[in-house]
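Participant: Sequence and predicted structure below; questions after.
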Amino acid sequence: MKHLIDPTDLNKQELEEIIDLGLDIIANREKYAEACKGKKLATLFYEPSTRTRLSFTAAMMELGGNVLGFYDAKNSSVSKGETVADTTKVISCFADIIAMRHFEEGAALVSARNASVPVINAGDGSHAHPTQTLTDLLTIRRELGHIDNITIGFCGDLKFGRTVHSLIKALSMFSGVKVVLIAPEQLRLPDYMKYEVCDVNGIPYTEVETMEEVMPQLDILYMTRVQQERFLDLDEFDRVKDCFVLDPEKLRNAKPEMRILHPLPRVNEITVEVDNDPRAAYFRQVENGKFVRMALILKLLQWSNEGKNTNLIPQGTVHNEFKCRNQRCISNIEPAVESLFRPDNAHEGEWRCVYCESKPIR
Ligand code: CP
């Protein structure tokens, strides 16, 4: 079965096939109007969403298919204690493909291991958001004409920002990409991203504390929200919540062809005056999300029919040997979920949780 749990579940050719199909759908909408006739998408959303859930819904409707599911797990049997594994087994009886968003890191992986239909990770805690990544890649392609050879600045919450982690992983498959990390010390990119993704794949990155100092270099400025819901300590959130605000003055030295992306929702990190700047691409990005999700649904159904599989458990994984140190990891929340650790790709003798990439408790 072909799933999408992490961007690295797709190789570069598969990523490009999805983006190319998304572009073809944009150019030939009527050609796809019945492409999923008779098929059902289940949207299982345990965490709030506007863009992801509704764009999945719109995508399946535009493909001629149907949608079922829930957007508030409290109104499902989850409130009676049903696990992600059991919920997935049940929904696999009703739907041809599942899109799941969950606040627990690793929930989509647990779902995929128990599904008999393709599972799409629509965001798992602060871990990964691969369909936002597809949206971002299609947007970069449409706005700049290419993805290779770009300098991209990520600004804001790089610690908890799952969209940032997933996009950097996907960009590691392209050539000539340079990354600039713009964040306060408390919100810097996690170490596993720097060592295992950037260093291992040879992506040059620099860390700075203001956007002004790097603005003229950037082809893409990727703004993010500081996410209150991810902080265990709200005093810490108050200290960093207003750390970056993009306004027209800060764009004075930006290239005319630079593009501003944001996964949205925004709070105050981009002033509304910026919306009128032609470089502001974030609402165009939203619409691209629907087209690329149409392409993804079609491709996962096609690849699964052809017998393609996603390797959900990396080589060298050990079962039930360590305990994850991340309290938001599903292996610490659902007792029936076994612990899974894989070898750290950058440090010999170290281990990383397969669900959330945290280190074990030693
Ligand atoms: N970008 C994104 O994931 O938005 P939602 O939380 O509204 O789905």
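Facilitator: Now that the structure is in, tell me what you want to look at. The shown structure was predicted, so the numbers you read here are calculated from the model rather than taken from an experiment.

Participant: What residue, apart from its backbone neighbours, is nearest the residue in the stretch 251-362 of the chain positioned nearest to the ligand spatially?
Facilitator: Using C-beta to the nearest ligand atom, residue 263 is the residue of the stretch 251-362 of the chain that sits closest to the ligand, at 3.8 Å. Backbone N, C-alpha and C define where each C-beta goes, glycine included. Counting by C-beta to C-beta, 6 or more residues apart in numbering, residue 163 is the residue found nearest to residue 263 once chain neighbours are left out, at 4.3 Å.

Participant: swap in residue 289?
Facilitator: That would be residue 135: by C-beta to C-beta, 6+ apart, it lies 4.0 Å from residue 289.

Participant: what's the average pLDDT for the helix or strand containing that neighbour?
Facilitator: Following DSSP states H and E, one finds residue 135 within helix 130-144. For helix 130-144, mean pLDDT is 98.

Participant: and what of stretch 35-46?
Facilitator: 98.

Participant: how is the protein carved up into domains?
Facilitator: 7-129+289-305, 130-286, 318-353 (automatic domain parsing).

Participant: Kindly reformat the ones you listed as TSV containing mean neighbour count and distance to residue 311.
Facilitator: Listed next are the domains of the chain as TSV, based on neighbours: other C-beta atoms under 10 Å; distance: least, C-beta to C-beta, whole Å:
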stretch	mean neighbour count	distance to residue 311
domain 7-129+289-305	20	8
domain 130-286	18	15
domain 318-353	17	11
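
Participant: looking at those domains, which is closest to residue 312?
Facilitator: For the domains of the chain, proximity to residue 312 was assessed by C-beta to C-beta; domain 7-129+289-305 is nearest, at 5.7 Å.

Participant: so how far is the lengthiest helix in the chain off the chain centroid?
Facilitator: In the chain, taking DSSP state H as the definition, the longest helix is helix 282-305. Put simply, helix 282-305 sits 13 Å off its chain's centre (C-alpha atoms, centre = their mean, to the nearest Å).

Participant: ranges for the strands of the stretch 1-150 of the chain?
Facilitator: 40-45, 66-70, 97-102, 119-124 (DSSP state E, counting those that start in this stretch).

Participant: Take these and write them to CSV, including distance to the ligand.
Facilitator: Converted to CSV, the strands of the stretch 1-150 of the chain look like this (distance: least, C-beta to the nearest ligand atom, whole Å):
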stretch, distance to the ligand
strand 40-45, 9
strand 66-70, 14
strand 97-102, 7
strand 119-124, 6
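
Participant: Take these and lay them out in JSON lines including distance to residue 111.
Facilitator: Listed next are the strands of the stretch 1-150 of the chain as JSON lines, based on distance: least, C-beta to C-beta, whole Å:
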{"stretch": "strand 40-45", "distance to residue 111": "8"}
{"stretch": "strand 66-70", "distance to residue 111": "13"}
{"stretch": "strand 97-102", "distance to residue 111": "5"}
{"stretch": "strand 119-124", "distance to residue 111": "5"}
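
Participant: so what's the residue lying closest to residue 336 once chain neighbours are set aside up against?
Facilitator: Once flanking residues are discounted, residue 336 sits nearest to residue 83: 6.1 Å by C-beta to C-beta, 6+ apart. Applying C-beta atoms under 8 Å, 6 or more residues apart in numbering, we find residue 83 in contact with 334, 336-337.

Participant: Kindly report the same for residue 316.
Facilitator: Residue 316 makes contacts with 342-343, as judged by C-beta under 8 Å, 6+ apart.

Participant: Name the strands paired with the helix or strand hosting residue 180 and say parallel or antiparallel.
Facilitator: Assigned by DSSP H and E, residue 180 belongs to strand 178-182. Sheet pairing of strand 178-182 (DSSP bridges) gives strand 151-155 (parallel), strand 205-208 (parallel).

Participant: could I get the ones you listed as CSV with mean pLDDT and distance to residue 173?
Facilitator: Below are these laid out as CSV (pLDDT from 0 to 100; distance: least, C-beta to C-beta, whole Å):
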stretch, mean pLDDT, distance to residue 173
strand 151-155, 98, 14
strand 205-208, 97, 16
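
Participant: returning to that earlier point: and the contacts of the strand holding residue 180?
Facilitator: 150-156, 158, 168, 171, 188-189, 198, 203-211, 214, 217-218, 244.

Participant: Identify the residues contacting the residue nearest to residue 263.
Facilitator: Per C-beta under 8 Å, 6+ apart, neighbours of residue 163: 129, 132-133, 136, 224, 263.
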